[in-house]
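Engineer: pasting the sequence and the predicted model now:
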Amino acid sequence: MPQPGDIIKRNRALHPPAYTPNYKTSVLRSPRCALVSVEPGPGENTGPIFKANILAPLENDLIRNYAKDGEAIGERIIVFGKVLDENARPVRNTLIEVWQANAGGRYRHKNDAYLAPLDPNFGGAGRCMTDGDGNYFFRTVRPGPYPWRNHGSDWRPAHIHFSLFGDAFVQRLVSQLYFEGDPLIGLCPILGTLPDAAARERLVAKLDMNHSVPFDALAYRFDIVLRGRRQTFFETRPEGM
């Protein structure tokens, strides 16, 4: 079993290859030349430091934080969980940013031309921080699926984007969470780039009725695991070979 302080190499077999033609945009985004290793310095291996006073009172409540004359429309949900490092230690006081489409599947973004209407009381973005035990939660509406121009008209499953930092800038994780039982998950070309079924499953938030709010909101648990404090920041460093 890994001990605190161990350096654990990344298993690249679990990560999607850069070039995956079924996900159309990866064709242009994938590198054409060999990657260049850059030795990280103190600025990459330390910080940032967040304090709770950077957050406004309603930033973790997407149902109300943009509301003008009411609350956001849609299936009300709570998303909660723990942020841990790879040795199962809590990642404390780290900032989590989330953004999503509304209940109809439309983003509040000038480039989103989907025909679903905007909700005047839903902005689709929020922030929260983990506590001393690595716990976090936010309240929102379940986002709707939407079509996208991948190969013809594929459909994205309901999902929420998230970004968070660990103990260092180079630990930043940007990803998406999906919802248990969504039939579109198995059809998604983006999720399909992950070659390992267990890795895909770790992106699915699980329904948790024990934490649901009666007559208000269902709850979904989504635990996030970052690399450890002594992680191998770049696999080409001598200590990671």
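Structural biologist: Cool, got the structure.

Engineer: use CA for all of it now, contacts and neighbours both
Structural biologist: OK.

Engineer: how about the strand ranked longest in the chain: buried residues?
Structural biologist: For the chain, the strand with the greatest residue count under DSSP state E is strand 76-84. The neighbour-count criterion (16 or more other C-alpha atoms under 10 Å) identifies 76-84 as the buried residues of strand 76-84.

Engineer: could those residues be laid out in a markdown table, adding pLDDT and distance to S30?
Structural biologist: Written out in a markdown table, the entries for these read as follows (pLDDT from 0 to 100; distance: C-alpha to C-alpha, whole Å):
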| residue | pLDDT | distance to S30 |
| --- | --- | --- |
| R76 | 98 | 37 |
| I77 | 98 | 36 |
| I78 | 98 | 35 |
| V79 | 98 | 32 |
| F80 | 98 | 33 |
| G81 | 98 | 32 |
| K82 | 96 | 32 |
| V83 | 94 | 29 |
| L84 | 90 | 30 |
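
Engineer: and the longest strand of the chain, what does it pack against?
Structural biologist: Of the remaining helices and strands, those touching strand 76-84 by 3 or more C-alpha pairs under 8 Å, 6 or more residues apart in numbering; DSSP states H and E are strand 135-141, strand 218-221, strand 224-225.

Engineer: looking at those, which has the lowest confidence?
Structural biologist: Mean pLDDT across these is lowest at strand 224-225; the value there is a mean of 91.

Engineer: spell out which strands sit alongside whichever helix or strand comes after the longest strand of the chain in the sheet and which way each one runs.
Structural biologist: The helix or strand immediately downstream of strand 76-84 is strand 95-100, counting by DSSP states H and E. Here strand 95-100 has these sheet partners by DSSP bridges: strand 125-129 (antiparallel), strand 159-164 (antiparallel).

Engineer: quick check: angle from the first one to strand 135-141?
Structural biologist: The one in question is strand 125-129. Calculated by axes from the mean of the first three to the mean of the last three C-alpha atoms, to 10 degrees, strand 125-129 forms an angle of 160 degrees with strand 135-141.

Engineer: in strand 125-129, which residues are buried?
Structural biologist: In strand 125-129, residues buried by neighbour count (16+ other C-alpha under 10 Å) are 125-129.

Engineer: for it, the distance to its chain's centre please.
Structural biologist: Using C-alpha atoms, centre = their mean, to the nearest Å, we find the averaged C-alpha position of strand 125-129 to lie 12 Å away from the chain's own average C-alpha position.

Engineer: one more: stretch 34-50?
Structural biologist: Averaged C-alpha coordinates place stretch 34-50 at 21 Å from its chain's average position (C-alpha atoms, centre = their mean).

Engineer: distance between the ends of it?
Structural biologist: End-to-end span of stretch 34-50 (C-alpha to C-alpha, to the nearest Å): 36 Å.

Engineer: list the buried residues of it.
Structural biologist: The neighbour-count check on stretch 34-50 (16+ other C-alpha under 10 Å) flags N45 as buried.

Engineer: identify the residues contacting the worst-scoring helix or strand of the chain on mean pLDDT?
Structural biologist: Taking mean pLDDT, DSSP states H and E as the measure, the helices and strands of the chain show their lowest mean at helix 42-45, namely a mean of 71. Outside helix 42-45, the residues that touch it by C-alpha atoms under 8 Å, 6 or more residues apart in numbering are 167-170, 233.

Engineer: which one of those residues has the most neighbours?
Structural biologist: Counting by other C-alpha atoms under 10 Å, D167 has the largest number of neighbours within these, with 23 neighbours.
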